[in-house]
Every structure is written in C-alpha cells, then in structure tokens.
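*Asks:* Sequence and predicted structure are below.
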There are 4 protein chains.
Amino acid sequence: MPGNSFGKLFRVTTFGESHGPAVGAVIDGVPAGLPLSKEDIEFELSFRRPGRFLVSGRREKDEPEIISGIFEGRTTGAPIAVIVRNTDVISSLYEEIRHKPRPGHADLPFIMRYGYENWDYRGGGRSSARETVGRVIASAIAKKLLMLTDTIIAGHLRSIGEVELNEEPTFEEILCSKYSPVRAAKKSLEEKFTELVMRAHQSGDSYGGVAEVVVKNPPAGLGEPVFDKIKADLAKAIMSIPAAVGFEYGLGFKLARMRGSEANDEIVVKEGKLGWKRNVAGGILGGITNGEPIVVRCAFKPTSSIRIPQKTVDLNTMEEAEISVKGRHDPVVAIRGVAVVEAMVSLVLVDHAIRSGVIPPVKLDKEQAKVIQERWERYKALCRPTEESQ
Amino acid sequence: MPGNSFGKLFRVTTFGESHGPAVGAVIDGVPAGLPLSKEDIEFELSFRRPGRFLVSGRREKDEPEIISGIFEGRTTGAPIAVIVRNTDVISSLYEEIRHKPRPGHADLPFIMRYGYENWDYRGGGRSSARETVGRVIASAIAKKLLMLTDTIIAGHLRSIGEVELNEEPTFEEILCSKYSPVRAAKKSLEEKFTELVMRAHQSGDSYGGVAEVVVKNPPAGLGEPVFDKIKADLAKAIMSIPAAVGFEYGLGFKLARMRGSEANDEIVVKEGKLGWKRNVAGGILGGITNGEPIVVRCAFKPTSSIRIPQKTVDLNTMEEAEISVKGRHDPVVAIRGVAVVEAMVSLVLVDHAIRSGVIPPVKLDKEQAKVIQERWERYKALCRPTEESQ
Amino acid sequence: MPGNSFGKLFRVTTFGESHGPAVGAVIDGVPAGLPLSKEDIEFELSFRRPGRFLVSGRREKDEPEIISGIFEGRTTGAPIAVIVRNTDVISSLYEEIRHKPRPGHADLPFIMRYGYENWDYRGGGRSSARETVGRVIASAIAKKLLMLTDTIIAGHLRSIGEVELNEEPTFEEILCSKYSPVRAAKKSLEEKFTELVMRAHQSGDSYGGVAEVVVKNPPAGLGEPVFDKIKADLAKAIMSIPAAVGFEYGLGFKLARMRGSEANDEIVVKEGKLGWKRNVAGGILGGITNGEPIVVRCAFKPTSSIRIPQKTVDLNTMEEAEISVKGRHDPVVAIRGVAVVEAMVSLVLVDHAIRSGVIPPVKLDKEQAKVIQERWERYKALCRPTEESQ
Amino acid sequence: MPGNSFGKLFRVTTFGESHGPAVGAVIDGVPAGLPLSKEDIEFELSFRRPGRFLVSGRREKDEPEIISGIFEGRTTGAPIAVIVRNTDVISSLYEEIRHKPRPGHADLPFIMRYGYENWDYRGGGRSSARETVGRVIASAIAKKLLMLTDTIIAGHLRSIGEVELNEEPTFEEILCSKYSPVRAAKKSLEEKFTELVMRAHQSGDSYGGVAEVVVKNPPAGLGEPVFDKIKADLAKAIMSIPAAVGFEYGLGFKLARMRGSEANDEIVVKEGKLGWKRNVAGGILGGITNGEPIVVRCAFKPTSSIRIPQKTVDLNTMEEAEISVKGRHDPVVAIRGVAVVEAMVSLVLVDHAIRSGVIPPVKLDKEQAKVIQERWERYKALCRPTEESQ
C-alpha cells in the first residue's frame, strides 16, 4: 500500500512538496460532532512554525484552508481536507543540487528510487520537512479528540549536541516548553541551548538532539497484540519523521544494561487503583498502555543542510565535487521536531483509542462535544505568555 | 485492523498461545514457484530453539507442519499455513500468577484490556515469546526469497548487561554467531557473555542486551515515503518483539550528540557506482535504502521472569504480595531475540522488495527459482560446524 | 495486499487446498468474552456439508479443530485459528485435467497467472469450493456475535434453472430452508427443485440458480460512505464466492426499468419509529443500513463440472481435445452456495457493526455474553427437525 | 478503516461535499515518470460534466487544480492531490429537506448514522453524486497508465426504463457513445432514449437504466484469489457508486437460468493463443482475467430527486408531510453514471495491474512513458466530433 497514509481508523494522508502549490492532509475517520475551527489548526501549527528565533528563515504564514468535512463548526463524519499554500519559496537556490546530491539528504536515494528525471529537487520536494505540516494539521484534530479522555501530550528537548538536561522537569514545565524558542523545559537549559544554536548558526554547522514526549492520562488498555503493539506503532510513527534516527520508551536503551531485579517495576495500589511504582516501562507493558504516563524519546540527527562545504559527486561528470548548502535552514531540526513527535504520538493514540472503543468511531454526542471543547479551551490557555512577556 | 498480521504484500498472520494446542502462521503473498520444504523452515527455527545451553528449559522439537500452499515442493501462490504443536507444556506452574500479576510482564495490561476472566494466564498466553515461532517460520520464506537479490541477513549480540563488544566483527563473524550459544560474534566475547549468563542463572536474576542485525547486499531504493519509510517499518517490526525497548539504525542515538559536519556522510564513487564513504546512515537515507549495508540495533530489557522474589499485588485481596517466578526461563531473552530481530528485518525487506517490484509479486520463473535454491544451499552451509566441533 | 483475507476489524484469512492436508481460517478481531465451542462451528458447517441428498459425493465429516484463541470456553481476544482436515480425497481422478483445462473452470486462468508448473490441479486446488469451509467457520463466530443486536441471517434459493419461487416466503420459512436438501423455502418448490436436480444428475448436466439472503433486525446506520458503503462491501463479499456471477439488493435490476415515482419508497412512522413503507431498497439507502430487513441476491452459474463431454485444448499438443469431468460434483452449486452467501453477509455485518461501535471491539461484558448465548441457543433450536422427521 | 479510500496499491481518497468549498481526490501509488497534465484530467471530467443536454442544470466548469505530485509535466511518485472548486451552488433550495428527508435519498440514513445536528443537508452533502468528480479525476490517471498494456475502457447505456438496446454495438460504437448526450451506442437508440428523457423531464419524474462497460485488451492473469478476485473488486467498485443497485459480469443473471452444457465456454486456440469461444464469462474465470474482453453491467435506480410530490415525515413534528424536490437534477442518473462506472473499472484494473507486476509500482522508464503518451493521444482523438458536427 502506498506510503503517504498513516493510521487504521483515524487515517491521515498527507500530500504536497516543499516548492509545489501547497501542502496538506486528508483526515478520514473523524467522528461526527467534534467542534472544529481553522483556529484550532492554526494553534497547533504555530508550534512548528518556521520563522521563530533562528529557526529556519522561511517566513510563511501557514494559513490552513479547510476544504471539506466541517458543517456549521462541527465535523460531519466526512473526510477533512486541509491545505496550506506555499508562499515564501525561492526555488532558484536549489539549481545546484540538481546534479550535486547533498550528503545526509534524501537526494540520491530519491534518484535511485524514482529516477533522476522524475526527481523534484526544489527544496527537497516530497522529502522536505515541510511535509510535516500535514501531520501537525491532523494532530490538531487528534489532540482535540483525546480531550475526551483528558489525555494531554507534551514534548520538549532533552539535549542538543552534548548539552543535556540535568534535572527532571515537571509535566507542566514540559508542556510550557512550547513557548520556548528552543523547546527547553528549564530556563537554565534554555540559555545553554540558545548559545549552542547561535554558535552553530554562525559557523554554518548544525547539531542533533533528543526529543522527549510525555502523555498524561493516557487510557489504559490501548495496543493490539502482537504486531500493532502501542510501542510498535509509536516507533513507526516517530521513525517516519525526517531526521529521526532512534526511538526508545521508558528507560529504553538503559534497560539493556540492567538486571531484571532492577528493571522490573513493582505493581502497587495507588489511590485504590492498580499501578506501577516507578514507571520504568514508560506507560507501556506487553505493548499495551498500563495507565501510567507514556514516555517516548526520539533521537534526531543534525540538520543535513550546512553551509560548511562538503564533498559529494557531480552526477553529470561522476567526479568529486563540493557543495555548500545555501537556503534557510534550522541549525537544529530537533527543535521543530518536538512538535512533529507530539503530532505523531497523538495520531497513534487517537487511532488506538478509536480501535479500542474508547473514543466512539462514528459520532460524539452533545455532552461529549461540550466536555471536549471546555478542556480544549483550558489546554490552549495553559502557559500562554501574557502580551508583555512575548 | 486487528493486530496479528504484519506486512502489506508479503503478509504474515501469527496465531497461537504458549500453552494452547499449537502456534503457527499464515503467510500470504508468496509468489508461486519458490522451492520450499519443511527443512527450510526447520533450519531457521533451529536458531531460536529453546533448550540450547542455559537458554530456556523448554525442550520442544518445534516440528513444523505445512498445511497449505505447497505443491510438488514449490509454492503455488496460495497462502502458506504452518503449525507447530506445543508439546512440552506444564501449565500447573502458572496457577499462582492467575491472581498475582508478574512485575515486568504483560499480565496486568492484558487483564486491563481483555478482562480478568478472559485472560489466558498459562505461560503468558498470547503474550508469550512462543508467539515468535510464527515469525521465524515466515522468515524462512522471506530470507529464501531475498536470495533473489543475494541479500543476506545476519545478527549478533553487541552487549549483555554491561559487557560489550570492543572490536567490530566482520560480516562473516556476525553470520556465524548463530552457532554461538550466546550469539557472540567474537570468541573472547563469547566467554564473557557465557560467564555473565551463568551468574544470572545461578542468582535467579536476568540481564538485558543489545542485538544488532546487518543486511548485506540490500536492494537500493526500497522504502515508501513518507510514512512507510524503511526505517519506520523496521522500527515497527522490531519494536513489536516482546521485550524490545529501543530501536536505532546507523549511528543512531550517537548522532544526536554530533555536529552535521561530522555526521554527514560523503557521497563517493566506489567501483564505478555511487555510494557513501562511512555508512554513517546504516544503509538508509531519507527513509530509503541506499545500497549500503543496513545496520539496525534493538535494546532488549532483562527477562522479566526471575526467581528472585518481587513485590506485586494479590488481585483477590488487593493487598501487597510477593512472587518468585517459577518455570524455565532464559536469563537473557536478548540471546534468542537475535533470531527474532533477524526474522522481522527479513519480513520488512521482502515486503518492500515486492512493493518496489524488485521481487515479482505473482510468480518466479524457473531460472529465478534455480538461482534462489543455489544461493540458499550456500547460505545454509555457511559457518556450519563440523560434527566433531558440535 | 494479498487476497486471502477479508474484513477490516473482524478479519478472516482462509487457507488450504482441496486436496492438501487441511483447509481452515484464522479469525482476528474477535472481542474477548464470547462463549465459543467446537459445536458452534460444527452447527454452521453442517449446512454447507457435502454428502447431503445428491449434493456432491464427498463425504467428509468436516471436523473442526480449534488451534488457538479460546480459553475455558471463551474467546480471549487472540486470533482464532481453526482447521478441518481433508480426509476423503481421490486425487487420481484429476490427472486428466492437468493438461486439459476444464471449460468454465479456473484451471486455465490459474495457469496464466501462476505458471503451469506451479498449478495445484488436484480438485481445483485453491480455487475449489472447499475453500469456503474457512468462510463458514468464521461465520459461526460472526453470526454468534450478531446475536448481541438480535440480528439473524437466513437464506434460501429463489430459483434453479427456470424453476422459480412464485409466492413470497415468510422469514421463518426462509430460515427453515436450511433443513431442506435443496434450500427451498416452500414445500411445493422443494419438489420442483428436487425433480430438476435429479434430472441434471442423471443427464450429467448442471443448473444455475439464484440465492437470496434476508437479514432480520440489522442495526441501522452501518456502512461507511463512500467506498465502504454496505452495499459495496456486500457486493464484494458475495461476488468473491466461487460461481457467483451477479449481485443485487432490494429490487435490484428491476429498479432500472422503473420510474422514480414508483421506485422511491415512502418514509413513514412505524410503531413510533421512522421507517420505510415497502422496503424497496432492501434495507440499504445511500449505502447505509436503514433498519429495514436487508435483502440481497446472488446469481450462481451452473456447476462447471459436468459429465457431458466438452471441447477444450490439450496443453501438450495445443490441439482440440474433449473432456468429461469425472469426480463427485453438485449438479447445482447454488444449493450449497446459500450457506456461503449467508456466511459472507454475516462477515460484512459483523465487521461493520464493530467498525460502527455497535459491537464492542475489545471485549464483551458478562451480561452481553449471557444474552448472546441465550439467543444463540434459541437460534440453533429454530426449525430443528424432530428425530422422526429426519 | 475509514471508507473514503479505494484501492490497495493505486489508492484513491476522495473528499468534499456538494456545497462545500471544493471536491477532490488524493491519488497515491502512481509510479514516477507518467506524463500528466491538467488537460488529461479535464478530458475525462468532460464526460461526467453536468450541464449537457437535459442532464442536471448545474453548470460548473469543473476546473481541476493539481496541488501536488507533478514536476515538469511528469509524475514524481509523490501523491497527486487535485481539487475542483464548487462554484455554481444554491444552498437555499435545500432548506426544506433539513426537516423533510427525501424518499430514495441518503438523508435519513445519514441522520441515523451521524446525528441530525451533524448532517450537512446542502445538496446531499457527502452523499451527493458530486463526490464522483474525485473518482473521475483519479480515473484519468488510471486510464492513462493502462495505455501501457493498450487497455481501453468504454461504456454505454443498454437501457433506460423499458427502452433497451436491440442490436449489439461494436466496441468502437460503445467508445464513441461518450459523445452521445444519452450515452447511446446506436443512433436509433439515441433517439428513443432522448424522447424518454424528455418525457421524464417534463413530467418531473425520472428513470433507471443499465450501464455496460467493456474493456478491450485487458491483461490476462489479474485478480487475487480468493477474496480479491477481480469480479469481487469490480463489484465493490461499481456498487460503491451512488444509485447503483445491481452488478453482473459476462452473461450474469442469465447464467442462473441456464444449464452447464450451455453455459460453459469452449477453450480454443485463436491466432496461436489460448482463448474462449464465446466469452460467456465476460473475461473473468475463477475471479481472474482470462484475456478476453471484460464485460460488466450496473443497474442504476431512477434518480431519487423528482418534482412529483412524495410522502415523507416531518422530523420536527414526526407527522406525515409532502415533499417535491426542487433544484436541478438529471432525470436519468444512469447517463452520467456511465462515466463513473468506467472510472471505477479503471481504478480496479490499474490497481490489480500494479499488484500483479504488469504495471511497474515505482517508476516508468522513458520508453514506457513515450508509448503511453502516444496511445493516449490516439485514444483522445477517437470519435472526436469535428467542429461542425458539435
């Protein structure tokens, strides 16, 4: 099956290239009766928006147009198509790469797969991170639907390069990092991250980083053994993001170094309910959510586009060549990546919530719609900077 | 869609519980004309077999019965159903866990999802690693089909607990590790691993480990942007394995700490063909195979079943209780896990090879069948210990 | 995606050839907590059983073995694998057709698709109607689950050759036709059908027929616009049956000859609920069930296997040849076809009922299980002939 | 899985409502290298265009905008999104139906499924035949790809009401019917059809009809046993069309009245190749294409929207009410239905051609692209009326 769709019952199909007329998504499987506005989508899009502090110079407004599926402010059960026009595009910058594939980029693999003459080289074409606009559009709907179970998704950056978080943040701090220009959950870290990003920007280099997403109040019992375990679907979702190179949940790779007697997490009774003592497993056991907060991490490689000259091969001559990537690029893709990891986590959870009958597949009743809208308003207000502080 | 199937065009459905009549798989989408015998399946099954040195006491022969899809020694294009009877089963050992869910296990999440009274507690039921027999059965067919492109998959253990590989093995050493009882690619490592496993066995504890799988001669150009990237499908495949807690490819998490100028891999001409200098990306760029060897790693947590007593909750009384897990268990699941990671990698590659038209979807011609069979015989002979050496 | 699976959330995969070791099915997506026994499956299988009056001489017991998914008499949520061994097989009868493809059969198309040397010619191999055993196994589970909404599916034959029903039967008469050896809903029709079948049997010829299935108490609101309309999924389900050559619902082809003012069905209030006056639409409007009884029909072609000699081509010589099909064959496949149409209707309805949240996707509670079991017992008792009458 | 997508490897997702901003489609799985222009799409759209003689008064230009997937006039392998703005919309005509569901329409079933308050009643919303614009857009790509195997799809109307074709047309006559305002393949029939349509228009009534589609040069060997038989997928495709109420292929329902000795079609050698004498089976045997022309028929019910007053229920009062459907409607939907049946047949064939490896899944080479473009130009020129004749 073609690769541009994600999800089984909440199904997202994205389309569009970096320098084509528009990017967008069709979201199928949204139950009827969900209040939904253009502003809801703009809200989520604002956190992956280029043009923020040092983060990619592209200055598009990313204004979504809802093409279908909404009637009188509510979803109808029909597929929701949304497009965002590409406006701030300078394709001429990309003429050079047409015959000099960029190291670290998808250029040469796309040529290997689809043929040189069919390759849309402008701005990376379909392999551009701009594709993720469609994912974030869909996530606005997913996150809103998840308000039904009071589930909230929040992400931040644990590290950029060698600079790491050294004190665990609270869930609220993680959530509020979306207003930090470097997705830092702690003020002290924000400074260190900023300095590093500045340095990378000046030297024409880039850094990798590790994003973490935490889910508060996930429904217990989600995940379909054996192949559609929630950990497997989260891994696929997150590893489908451009520049993602590693995935783990709970203690992750650290567990490989431990003994069972350390790693096993005690089952306890908390406030009258069964739970786990330390959440070693990051909310997932046997591939099924256990009701504890879900914790996943994604390693991002450094932005492949750097100004520093690199060696490649000139496809016309098959001889060694040098390329210095022009254009406007984030020195740390992981920063904007956080919003995309959040988006992918929301798509997995809403899909499994519908598959498990936790969110109704066909329609919400008025009471459910009301609860969702109230929680959504509260969610949007969280951490919102006052006007002076901006 | 229900969770017990994997793959789009080469589609595997597994079934069966640890203590039910049998486990097995249906493999749909196998082209006609592939020579296939019971022995081919037994060969691959032998490398996940319990009963080897210290590795799980269960002593089943794992004898596959082919139910359908083969005629006169060749596949017909019809689905291939294979079952393996469960013979060496002692369910009585599991009576205790019926009301004392084991820490680190899927017991309680299964109860949360399916209901206490519907939970097959015997030997973990469906969540048992015994389910992976079906995956390995399917992988025998997948690996054999991949002989068409001369693609070979080999895995080993990079670490158990804190003991790590300190010298990179050759591909042949990795391949030959399947005859090592601890899946070590180096003799010196085998000794250290063995000692650690012994110690764990004696103390009733367990260890985690990191498995690595390398693919030689993968076809270039596999992977469907954007959601079905090869890295995404590998991540899902591998994270669907019981006890898998982390996934990375290429340099993986290390890349998050690096600069772009270090991490980007130079494009070069090698033997007249375009390639990459250091294979930093582990054979995958932009989610598409680039022709370099594929390198993936999977972190396994320590075996959850340990004899050392642990705290849990008695579901009858909802009070604190203690459990010491009896039965026969591997002190290091990662050891047998290597065969399963290999299996999952083979399922992803064969599926994408068919999706990309590299392996024909409907039938092989006689010449193709012949080439496959010859390579398969060679593959089976590789590293095979002589009789004395066993 | 390979073609041996059906359904999205209630997913059936069949396997097995006519003369292989066994036929069977894996049913994935069955909620936990459904009481299920081997006898439940045998009950439904008995109505497609060969060996009944004049209907195919094959005399197998069709004894199902449940391989997985059941624990203490209830489903666990794991996939249910069931096999039926092939016992009464005489492959030697088929040697002739190996090089003389039978007119009306799948022989030559299978050869065209899969290659001559990969074709399992014995008894039609995978294209044999024996494959439908797997469908009927699955339908036992589907029909039982549909008891939750008190939905009952019943089929009969409207015509064999030119002999047609001339008086509309009641739903009960249709249901009781399963004990009629020619699936006639009326005694007078049974006689005429029997006579015709006898004549065909004697002359070595065969007849076509039209099966009709009626669904009582279908849930309203099932069907997903636009491609997964309930009418579309029913059409696919029914047209996937061997020998099915036409599909219609409601007035079907008759509607093409009518005016809108005749064809439109008046909306009325019946017992306080909205409904339709004449059920012209056979329970489906806009591709969605409207709560009225569903009525579908399937045209079956005459059995392709006839003793009367027919012309074909000898594949060895590429010259004209004659073939007279030996072996034991139903003179009217439509008779056994009724059970298979019923089965396919049940698979579509249960799938859509789960997709629409009418049947819970993960587990039934005890009360639901109890209601289902009670209704199932009543259903099994309906029309059951007393011992003398048999 | 949500219902707005069709196809496995050539996957079409449609979106949009009758009176929303636009309708459209995303087509995923198109191989790279296919020459494709806006004009190609407009060409196919012109044959379902409203505003032709007596056929629905809606006068939109149906101007497609290609949003993605094309670069320098060729497909890139990325998903192709196309939208058509809705321009000529008068929603006020529909206020009445908001509380008076129209007989024969999807109004009440949509309300039953999605809830009254979430129902987009304007022009039928998502259930409007306007949705089929997306299907015809996709079919332009499908039909063009099928030029690779020289496969041509042509449809016509066999009957409107009681007026029937009484002489079999040639394939060319069928193809040229697309320039007939009533899709008649014979001049004499065109007159009779026209008269009937006029009469229906004047009396405010409507008629049903039977569409037939014939495929010349279909690849042999398409269709995946057992559930994805080509006949099953065609049935689903065609029965998913609004107003479709019956499906058959080959002799269809007539076969149910025949004897096997009449119905079986002799296998013969034609021009050195194996074939069938009479094509009784309409190109499909055992669910697999056999190389003979494919012949399918679809029964359309009469247009549900008629001016003649009909009885319904007022949802506000739950009392009997009368409705006369205003707005601009085709008296015979079957006329425009022909283009949609053609479209659906093309989607099934191209999907199966890719699944069977007959059309390459990833990219076309230049030679293939050239052959396709040449045949496409010839195809577009066929039957084209000269300027005077229009």
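*Replies:* Received the coordinates, thanks.
*Asks:* Check what pLDDT the spatially most central residue of chain A gets.
*Replies:* Closest to where the C-alpha atoms of chain A average out (C-alpha atoms, centre = their mean) is A:Val340, at 1.2 Å. pLDDT, A:Val340: 98.
*Asks:* can I assume it sits in a helix?
*Replies:* Yes. Judged by DSSP: H, G, I helix; E, B strand; the rest coil, A:Val340 forms part of a helix.
*Asks:* Could you find the closest non-adjacent residue to it?
*Replies:* Among residues not flanking A:Val340 along the chain, A:Thr132 sits closest, at 4.7 Å (C-beta to C-beta, 6 or more residues apart in numbering or on different chains). For glycine as for every other residue, the C-beta is placed from the backbone atoms N, C-alpha and C.
*Asks:* can you pull out the helices in chain A?
*Replies:* A:38-45, A:107-114, A:132-145, A:171-176, A:187-203, A:230-239, A:260-263, A:333-355, A:366-381 (DSSP state H).
*Asks:* Check the average confidence over the shortest one, would you?
*Replies:* For helix A:260-263, the per-residue pLDDT values average out at 96.
*Asks:* wait, does it contact chain B?
*Replies:* Yes. Remark: helix A:260-263 sits within contact range of chain B at A:260-263, by C-beta under 8 Å from any C-beta of the partner chain.
*Asks:* distance of A:Gly327 from A:Ile90?
*Replies:* 8 Å (C-beta to C-beta, to the nearest Å).
*Asks:* quick one, phi/psi of the residue in chain A sticking out farthest from the centre?
*Replies:* Largest separation from the mean C-alpha position in chain A: A:Thr317, at 39.0 Å (C-alpha atoms, centre = their mean). The phi and psi values for A:Thr317, taken as degrees, to the nearest 10, are phi -110, psi -10.
*Asks:* one step back: does the residue nearest to the centre of chain A touch A:Ile241 like I think?
*Replies:* Yes. Between A:Val340 and A:Ile241 there is a contact at 5.2 Å, judged by C-beta atoms under 8 Å.
*Asks:* what's the overlap in contacts for those two?
*Replies:* A:Thr132 (C-beta atoms under 8 Å, 6 or more residues apart in numbering or on different chains).
*Asks:* picking that back up, out of the helices of chain A, deepest packed?
*Replies:* Across those, averaging neighbours per residue (mean count of other C-beta atoms under 10 Å in any protein chain shown) puts helix A:230-239 on top, at a mean of 30.
*Asks:* out of the residues of helix A:260-263 next to chain B, which one sits closest to A:Val213?
*Replies:* Comparing the residues of helix A:260-263 next to chain B against A:Val213 with C-beta to C-beta places A:Ala263 closest, at 22.0 Å.
*Asks:* Go ahead and confirm the closest one touches A:Gly252.
*Replies:* No. Counting by C-beta under 8 Å, A:Ala263 stays clear of A:Gly252, with 11.3 Å between them.
*Asks:* mind listing what A:Ile359 touches?
*Replies:* A:31, A:145-146, A:148-149, A:350, A:353.
*Asks:* what's the closest of those residues to A:Val269?
*Replies:* Among the contacts of A:Ile359, and counting by C-beta to C-beta, the member closest to A:Val269 is A:Thr149, at 22.1 Å.
*Asks:* so what's the closest one up against?
*Replies:* With C-beta under 8 Å, 6+ apart, A:Thr149 has these contacts: A:217-219, A:353, A:358-359.
*Asks:* how much space between A:Arg378 and A:Pro31?
*Replies:* From A:Arg378 to A:Pro31 the distance is 21 Å (C-beta to C-beta).
*Asks:* Revised request: answer the last question for A:Val82.
*Replies:* 17 Å.
*Asks:* Per-residue pLDDT of the closest residue to A:Val133 other than its chain neighbours, please?
*Replies:* Spatial nearest neighbour of A:Val133, chain neighbours left out: A:Val23 (4.8 Å); criterion: C-beta to C-beta, 6+ apart. As predicted, A:Val23 sits at a pLDDT of 98.
*Asks:* Quick check: the residue of the stretch 51-200 of chain A nearest chain C.
*Replies:* A:Ala78 (7.5 Å; C-beta to the nearest C-beta).
*Asks:* ok, that residue - contacts?
*Replies:* By C-beta under 8 Å, 6+ apart, A:Ala78 lies in contact with A:68-69, C:225, D:4, D:15, D:17, D:120, D:125-126.
*Asks:* which of those come close to chain B?
*Replies:* Near chain B, by the rule C-beta under 8 Å from any C-beta, you find none of the contacts of A:Ala78.
*Asks:* Quick check: PyMOL command selecting the buried ones in those.
*Replies:* The buried residues among the contacts of A:Ala78 can be selected in PyMOL (16 or more other C-beta atoms under 10 Å in any protein chain shown) with this line:
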select buried, (chain A and resi 68+69) or (chain C and resi 225) or (chain D and resi 4+15+17+120+125+126)
